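K.L.:
Just need the structure, nothing else, for what follows:
(2 chains)
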Amino acid sequence: MKRLLDVLREDCALTGTKEGCGEGECGACTVLIDGQAVNSCLVPFAQVAGSSVTTIEGLTGAEALQSAFIREGGAQCGICTPGMILAAVALPKDADLQDIRRGLAGNICRCTGYEGIYRSLRAAAIPARAAD
Amino acid sequence: MGKDKLRLGFNGHFEEKEVEIAAGDPTPWDPSQTFSILGARTPRLDARAKATGAARYSIDVRLPGMLYARILRSHDPATVVRSLDLTAARKMPGIRAVLAIAKPGDALRFAGQEVAAVAADTPERALDAISAIRVEYGARPFVVEIDKARADGAPLVFEGKVETKTSAGDAPGAKKALPRKGNVQGPRASDKGNVAEGFGKADAVVEGTYSTQVQTHSALETHGVVARWEGDELTVWASTQGIFSVREELSQTLGVPLSKVNVITEYMGGGFGAKFGAGVEGVTAAKLAKEAGAPVKLFLDRKEEHLAVGNRPSSVQWVKAGATKDGKLTALQLIVHGGGGTNGGTGTSGPLKNVYACDNVKTEEFDVFTNSGPSAAFRAPGHPQGAFALEATMDELAARIGMDPLEFRLKNDPSEVRREEFRIGAEKIGWAGRDARRRVPDNPALRRGVGMGAAIWYNTGGTGPKATVTIHRDGSAEVVHGVQDLGTGARTMVGIVAAEELGLPLEKIAVRIGDTRMPYGPGSGGSTTTPSTAPTIRAAAWQAKKKVAASVASAWGVPEEAVVASAAGFSMNGDAGKRLSWKEACGRLPEEGVSATASRAENHPDAWKRFTAGAQFADVEVDVETGLVRVRKVVAVHDCGLVVNALTAESQVHGGVIQGISYALYENRILDRATGRMVNPNVEQYKIVGAMDVPEIDVTFLPVWDAVNNTHSVGIGEPATVPTAAAVANAVSHAIGARIRSLPITPESVLAALDGKARVAAMPGRETREGGRA
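P.N.:
Okay, here's the model as predicted:
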């Protein structure tokens, strides 16, 4: 059976979801399944029947976070970025730096050094917290 | 041509120099200049595409009727192909093309080497079909450990001449013919002064053997292409650092004229030195596409990426150094054996020959062939390994003569830029108080330490690149230049330089890159992209702007020299009333606007000459009960000439530092000595530093006005990763009071060092490590 990742990329042409390792270790293929961040390379697609799957293309309500990634240099080559953003969206709004690190521990970035990613998340969280 | 008197140097160290300026090239910017955008923190032009998933990488390309290809690879490290039968694979459902890569009689020299390939209508069918290919192999003896490969009677990796897989950008020096005995090739040697005399003059001499592991590039986007033929014309979407070098290789290998091969890289998911050529996979995809009469996508999986497409070679480095008791180096000597698998070019002598001043320096570099995947250029080839050995030696020598390691370096460093960087970094890391902080009051198991290392790099780009800048009637501008953006920020850099020269906001500029149908752009290697591209863009923008000024002059009926261009527009010398805004001036241009195509001028030979310099300091914490090392902070002080974009330059340094930490503590390709296969070809057991392990990184740039080109820009990608592992290793030694001479530094090696054992590689049961022993 096809992996959810393949159905998204090949059948649905949603190539914003990336494949980095195919073994659930790099997080590049992260999507939200019913709001939970999941590695789509580990999910047989039949398993999502009746669930809501959100990819980077369909993500709504995360404009502040995406703008922060743009402004703060959260993306370098950018191939881990969709997965990073979806993993970050699943974090609680009041996440501190340690929560952010833990929440992103399953997403590998080979080029930014993570600082820009943390900066993006913290910048985005401030208005979100104020609005809560 | 003409000579201009320029103020060159860096903060507090400026001097006047005359620099020859080529015709058609603008004068380098002056330190008194105020910039509108250059040097600011500018978000990437493509950041929105990346943050929304719209960015289309080569691995994302989908074409109508596209097929999917897979490569069959050898499982064993040394075999001869006896027979190859593709019949059954050809008959499998959905199979459209099958190709033999190896032929009967061919020797295969590493586990993972390419044997055959198929293209099918689905990825699953391609995978099924490669297992239907029947191959008979004859097993040959093999060797995967470099010390065993060096021994007399070791199985020979190459029985005849060295047949190294070469793709553009393979390890430097790999193609140079060198003597070979058994599996050992070399030496590449250098000899300055007389080391025997130098050691004779020394008051203290230290020597040690340092070993480093194999690191794989592990870019998140794997190697691969999508290849499409339209008639006799080939278009390839490649994940590459050099669209023009891929074009060259495809043209030569396939016998297709350069004019009929187009290579496109719109977005790219990292390269780090391993992606300059078409590679076996690129050529294979093009051949399969031809046979099938349909476009073919061939991207490697993670395991193939670890096995077959490049790595940083291992090293065993013997270093000897001498100094007088007042802290002057008298001799430096290095003998290195590098393990690049089936590839050469594994030297590490760069830092030892070039960082510190010493009259007597001798180096000998040997390549040791083993039955493992070939090395490739990897971010500052040879340098992180060389810096690790050199900087440990510097610390040991300083200790022997009773001198502070910082003071010892300052006494021997000929670069005034780096001496300043050492001073800035030492202040920021709190060097002076480092001994007092070694003990952690509330946790007796923890020790803290601080260490340092020096960065050096050499390249300042060169001629070849061309760019076209068009200024339109509405005042907007367009830059076309065939450079590729690996993720470094090259696209944005191109826009910034054009915006600065034209005095336009970045939003008014369209940047088109990443296609060989554009004016030639440089390959992104050797940290040369910015210093090759930025001056080209500036020259083209400057020439295009002059054409607008010429049209203004002609409208006013005055000579061109009378028109002065500024950010506000155009005015006439000595006539305050005569002025035109940029928009008004452009509005008078003909329908096609004006265009200029400029070529990169030669580097100014009389520039403020120097190597690129950097200094890094690491602050680490070591648990002496568990052996765990945590890097708390890295201070990185670098120069890259003049920074074009502070946001992306800083990001490059962050990236270099984390790759250095990852190399110092975690990454390690492990080959099983019994089978010759890699036991950790994934990202679970091949551990790459992650979000939990990244320290605070403090980056400082020292702007240097060098006039090496018209923008003073120099690359930063490689220098940023040169000294990190060295600084981390020195910090660990400072923390625990014992020296670890082998990378990666693992909990096991820390505990062994604390137990007084010299090196982890000497421990029983650890013989499977490659390059672990001298």
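K.L.:
switch to C-alpha atoms for all contacts and neighbour counts from now on
P.N.:
Will do.
K.L.:
if I look at the nearest residue to A:Leu14 once chain neighbours are set aside, how far off is B:Gln185?
P.N.:
Nearest non-adjacent residue to A:Leu14, counting by Cα to Cα, 6 or more residues apart in numbering or on different chains: A:Leu8, 5.3 Å away. According to Cα to Cα, to the nearest Å, A:Leu8 stands 49 Å off from B:Gln185.
K.L.:
Surely B:Val679 is in contact with B:Asp672?
P.N.:
Yes - with contact defined as Cα atoms under 8 Å, B:Val679 reaches B:Asp672; the gap is 6.3 Å.
K.L.:
So what's the residue count around A:Leu42?
P.N.:
Neighbours of A:Leu42 under the rule other Cα atoms under 10 Å in any protein chain shown: 15.
K.L.:
which ones are touching it?
P.N.:
Taking Cα atoms under 8 Å, 6 or more residues apart in numbering or on different chains as the criterion, A:Leu42 is in contact with A:3-4, A:22-24.
K.L.:
pLDDT score for the residue nearest to B:Val732 when sequence neighbours are not counted?
P.N.:
Distances taken as Cα to Cα, 6+ apart put B:Gly449 closest to B:Val732, at 5.9 Å, once the chain neighbours are dropped. pLDDT for B:Gly449: 98.
K.L.:
ranges for the helices of chain A?
P.N.:
Taking DSSP state H to define them, one finds helices in chain A at A:4-6, A:63-72, A:81-89, A:97-103, A:115-131.
K.L.:
May I have the phi/psi pair for the residue nearest the centre of chain B?
P.N.:
In chain B, the residue lying closest to the centroid (Cα atoms, centre = their mean) is B:Arg379, at 2.8 Å. Main-chain torsions, B:Arg379, degrees, to the nearest 10: phi 10, psi 100.
K.L.:
Hmm, it is touching B:Glu718, no?
P.N.:
Yes - the pair B:Arg379 / B:Glu718 is scored as a contact, 5.3 Å apart, by Cα under 8 Å.
K.L.:
Identify the contacts common to these two.
P.N.:
Joint contacts of B:Arg379 and B:Glu718 (Cα under 8 Å, 6+ apart) are B:Gly526.
K.L.:
Tell me how many other residues crowd residue 49.
P.N.:
Here I'm looking at chain A. Around A:Ala49 there are 8 residues (other Cα under 10 Å).
K.L.:
you looked at the wrong chain, it should be chain B
P.N.:
Neighbour tally, B:Ala49, other Cα under 10 Å: 16.
K.L.:
quick one on the thing from earlier: please settle this for me: is the residue nearest to B:Val732 part of a helix?
P.N.:
No - applying DSSP: H, G, I helix; E, B strand; the rest coil, one finds B:Gly449 to be strand, outside a helix.
K.L.:
If it is in a bridge, with which residues?
P.N.:
Counting by DSSP bridges, B:Gly449 forms beta bridges with B:Val620.
K.L.:
Apart from its chain neighbours, what residue comes closest to the one residue in the stretch 1-150 of chain B that gets nearest to chain A?
P.N.:
The minimum distance from the stretch 1-150 of chain B to chain A, using Cα to the nearest Cα, falls at B:Gly53 (4.1 Å). Nearest residue to B:Gly53, sequence neighbours excluded (Cα to Cα, 6+ apart): A:Gly16, at 4.1 Å.
K.L.:
Quick check: that neighbour touching B:Ala49?
P.N.:
No - the pair A:Gly16 / B:Ala49 is not scored as a contact, 9.8 Å apart, by Cα under 8 Å.
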